[in-house]
Structures are given as structure tokens and as C-alpha cells.
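Visitor: Provided below are the primary sequence and the corresponding predicted coordinates.
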Amino acid sequence: MVNEGILKAIEDPGTPIASLEVTLLSDIEPNFADIVSEKLSALELERETQILDHLINITEDRFDVNFDEIFLRELNSQRQEIREISIHGLWEYDERSLIEPLLEMLTKDDSDAVKIAAAIGLRRFSVLAEQGKLLDRDSTNIYETLQSLLDDDPSDVQQETPADIKRRIIEALSPYNTPEVRDIILDNYNSLDERLRASAIFSMGENGDSEWIPYILDEMDNPNPEIRFEAAGAAGRIGDESLIPDLARMGNDVSFEVVSQVVTALNLIGGSTSIKVLTRFLQHENTNIRSVAQDALESMEKEQLSIEEISSGNIYEPFSTPAEELDEIFSNFDEGLEDIDE
């Protein structure tokens, strides 16, 4: 059923984006989605972008809305910005019908930003393929297309894949656990381009093979914060509990982003030892770090991990330690690991 009210509100530039009743666009019928997409394409680019961004923000906060029918149609927009946003809007869409459009955009789109978004979008299908949840022909199509895009001819500089696209292709290919993929990851790890090295470390975590652990450990002390960030993330995705002490030692990294990634990694690894380490982050001098640690612990509690396993007691009273002692605690964070039961 077509709702004329929401269509008029979309077209009216005087209607604030925040006041749009966008739930009326959730789970809509294909014919209504066609009309909505037509109305959106007639708008000024700024308003169309704002509306689609608004839909994405809502889907990130709510589980009861679905705008896939709109984003699927917007993939065919004449505007490269809209094609890019629409790929992001389909971040949870895992129907095989999306594979071919993403491959088409990755290989033929005129916009590098769209190609990057397409490669990122394909990574989740690579994960599904490696888990045996895709048809063999889809898995093979993704694998062969991604691999072919990395086969640059060194003598043809004009055809060389730009590094910002290449790194996302490597990441999209990384879930496939084959010798060829491992060679690609290692080759790019040895690159002089820090962007490719960062993606190689990310890919080690996506690949999930324990052979990458020594490389990840080495990069935890890299001077480049982006590399340290990727090393922490890779450690979490590999999920080996032996990495917990090394993640804990990153607790006094100078970069908030790195420490936040460490918290995420500990959450991914899980278990009583991760919980014990995360409780120490509740005494971090940085309020934001304390907040992300609290969120991680609450997330783990929801997944039925017993709060009684936490050695320091009640996690909801984290700030009993006097402020003057916090610097000393975190300057010797690694020594605190001796308190963790083996």
C-alpha cells in the first residue's frame, strides 16, 4: 500500500529529516519501494543523502525496521554518492542476489569510493562462503573475481589497482583459507605501503589461522597507531586466549582508539580471564575507556558469562580506587596480570 503522506514529506524540502515517519518505509512492498526510489532520485543530492543516512542510523539503533527494498533500488542510482551509501545501507543483507551487483560495482564502477564500499560489502559473503553457507558457484565467483583484481601487470602502471581499493580487496578475500590467500596476506604484510600492511594485519584476523599470531604480537608495539589498532583487532578475531596478557599490556596505549579496540578484542575472546582483565579497565584514567569496558562487561553478562568469575568483585562499583592511585595501576598494567589466575 502506497503511503502518500510520507512521499509528500520526502519531497518537501521544508520537512526536517528527523521528523520523517521513516518507519512507514520499513518492510515495504516492491511497488511502493519503486515509487520511493523514484521520489528520492528526483531530490537534490544533499537531501537524498541525508534521508538515506538517516535510514542507516535508525537500522543501527533498532532491530524492528528494515529498509533493504529501498537500498537495493538505490544501488542503481546515477549518483555515485548514493550508490556508495546504499551499499552501506545493506550492511546486514546476506541474500545471494546482492553478490553479482557488488562484483559488478567493484569491477566496473567509475567511482573508487563505490569500489571500496563494494569490496567491504563482499567480505561478509566471503565469510559465509568459508563457512559453507554459500553455493559453490557463488563462492568460486567471489574468490576468482577478487583474486583476479590483485593480479596487476607490473609493466602496466595505468591498470594497477589503487592501494585504497587493493587493501579492501585483500580484506574481502582474507576469509578464504587457502595457500594463495595466505601468500597474498604475507606479501602485503611485507609491503612498504603502511595502508597495505594495516590491511594485511586486519586480514590475518579475518583469516583466523593461528600461524599469524607471531606477526600480530610483533605489531602490538608498532609505532604506527593504525597498525597497533589492527593488531589488537586481529587478536580478538583469532580468539586465542594466549593473546589476553599481551592485549592487557596494551591497556596504557596512548591512543584511545587502540585501547578501545583492545576492549573489543577481549570481549570477542571472552571467558573468565578476559572478564578479569576488563574489570581493570574500569579503573582506567580515561572516562571513555571506562565506559567501553563497562559496555563490554555488560554484553558478556548478557551472554550468560557468570559475574561471579570476576575476581575483583562487583563490576558495578568500579571507581572505589582513589584517583591518585589510578596512574600507578595503569603504568604497571602488565604487572597486574600476575593477579590473573592461570
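Guide: All right, it came through fine.
Visitor: use CA for all of it now, contacts and neighbours both
Guide: Noted.
Visitor: list the contacts of the residue positioned nearest the centre of the chain.
Guide: Taking C-alpha atoms, centre = their mean as the criterion, Ile120 is the residue nearest the geometric centre of the chain, at 8.8 Å. Contacts for Ile120 (C-alpha atoms under 8 Å, 6 or more residues apart in numbering) come out as Arg168, Ile169, Glu171, Ala172.
Visitor: put the alpha carbons of the strand or helix carrying it into PDB.
Guide: Assessed by DSSP states H and E, Ile120 sits inside helix 112-130. Taking C-alpha atoms only, helix 112-130 is exported to PDB below (Å, rounded to 0.1, in the frame of the first residue of the first chain):
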ATOM      1  CA  ASP A 112      36.800   4.500  -6.400                       C
ATOM      2  CA  ALA A 113      34.600   5.100  -3.300                       C
ATOM      3  CA  VAL A 114      31.900   2.800  -4.700                       C
ATOM      4  CA  LYS A 115      34.500   0.100  -5.400                       C
ATOM      5  CA  ILE A 116      35.800   0.300  -1.900                       C
ATOM      6  CA  ALA A 117      32.300   0.000  -0.400                       C
ATOM      7  CA  ALA A 118      31.600  -2.900  -2.700                       C
ATOM      8  CA  ALA A 119      34.700  -4.700  -1.600                       C
ATOM      9  CA  ILE A 120      33.800  -4.200   2.000                       C
ATOM     10  CA  GLY A 121      30.300  -5.400   1.300                       C
ATOM     11  CA  LEU A 122      31.600  -8.600  -0.300                       C
ATOM     12  CA  ARG A 123      33.700  -9.600   2.700                       C
ATOM     13  CA  ARG A 124      30.700 -10.800   4.600                       C
ATOM     14  CA  PHE A 125      29.800 -13.100   1.700                       C
ATOM     15  CA  SER A 126      33.400 -14.400   1.800                       C
ATOM     16  CA  VAL A 127      32.900 -15.300   5.400                       C
ATOM     17  CA  LEU A 128      29.600 -17.100   4.500                       C
ATOM     18  CA  ALA A 129      31.500 -18.900   1.700                       C
ATOM     19  CA  GLU A 130      34.200 -20.100   4.000                       C
END
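Visitor: quick one: average confidence on it?
Guide: Across helix 112-130, pLDDT averages out at 97.
Visitor: now the residue nearest to the centre of the chain: how far from Trp91?
Guide: Distance of Ile120 to Trp91, computed by C-alpha to C-alpha, to the nearest Å: 9 Å.
Visitor: separation between the closest residue to Tyr189 other than its chain neighbours and Arg167?
Guide: Leaving out its chain neighbours, the residue that sits closest to Tyr189 by C-alpha to C-alpha, 6 or more residues apart in numbering is Arg197, at 4.5 Å. Taking C-alpha to C-alpha as the measure, Arg197 and Arg167 are separated by 9 Å.
Visitor: before we move on, what about Asp64?
Guide: For Asp64, the distance to Arg167 - C-alpha to C-alpha - is 34 Å.
Visitor: next one: Lys39
Guide: Applying C-alpha to C-alpha, the value for Lys39 to Arg167 is 36 Å.
Visitor: next one: Arg249
Guide: As judged by C-alpha to C-alpha, Arg249 and Arg167 stand 28 Å apart.
Visitor: compare those two (neighbour count), which wins?
Guide: When Arg249 and Arg167 are compared for neighbours, Arg167 comes out ahead with 25 against 21, by other C-alpha atoms under 10 Å.
Visitor: what pLDDT does Ala323 get?
Guide: If you check Ala323, the pLDDT there is 41.
Visitor: secondary structure element holding the nearest residue to Glu130 once chain neighbours are set aside?
Guide: Nearest residue to Glu130, sequence neighbours excluded (C-alpha to C-alpha, 6+ apart): Tyr176, at 5.7 Å. Using DSSP H and E, Tyr176 falls within no helix or strand.
Visitor: quick check: domain ranges of this structure?
Guide: Domain ranges of the chain: 1-93, 96-151+160-204, 208-342, per automatic domain parsing.
Visitor: how far off centre is the last one?
Guide: Yep, that's domain 208-342 we're talking about. Averaging C-alpha positions (C-alpha atoms, centre = their mean, to the nearest Å) puts domain 208-342 19 Å from its chain's average.
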